[in-house]
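Visitor: After the sequence you'll find the predicted model.
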Amino acid sequence: MPNLVPLVLKDGAATPVNHTFAPRAIDGGVATLVESTGVPLGERRVSFSQNRSASGRIRCTQKLAVPVVQDATVNGVTKPTLVRTNYADITFNFDSSSSTQERKDLVSMVADMLTPSQAMVRSNIVDLEGLY
């Protein structure tokens, strides 16, 4: 079983920036890491969980939450204000009889599907274009 360790993720900027998520806690079987801005309201969060159903099905879930915070001035007082939050939820479901290679193949296919070279997927997710 791997330790909960810092996770570095690159963003999609023209010159990608590394974002370091530090372990925060493991609570109720959910491991959480955060990229702290010093203001909890603006923390980016990554979480990992794994559950097994009564039938033996294994569900692995990863979530990423990226809040957008702006300073708002009211009556001369400036404070950070949450504008919106963007989310990604990735869930893998594996049969209890799946092999390591089957799981590896599925994860690799999903990773490849999200690469910039996959124009159809990129247009659908990033540009919010419908498919026809």
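Guide: Received the coordinates, thanks.
Visitor: secondary structure class for the nearest residue to Gln50 once chain neighbours are set aside?
Guide: Closest residue to Gln50 apart from its sequence neighbours, by C-beta to C-beta, 6 or more residues apart in numbering: Cys60 at 5.1 Å. All C-beta atoms are positioned from the backbone trio N, CA, C, and that covers glycine. For Cys60, the assignment made with DSSP: H, G, I helix; E, B strand; the rest coil gives strand.
Visitor: May I have the beta-bridge partners of Cys60?
Guide: Gln50, Phe92 (DSSP bridges).
Visitor: measure Glu102 to Met113 for me?
Guide: The gap separating Glu102 from Met113 is 17 Å, by C-beta to C-beta, to the nearest Å.
Visitor: swap in Val74?
Guide: Distance, Val74 to Met113, by C-beta to C-beta: 44 Å.
Visitor: okay, now the domains of this structure?
Guide: Here the domain parsing of the chain from automatic domain parsing is 7-97, 99-132.
Visitor: quick one: which of those domains is nearest Met1?
Guide: Closest approach to Met1 among the domains of the chain is made by domain 7-97 (10.1 Å; C-beta to C-beta).
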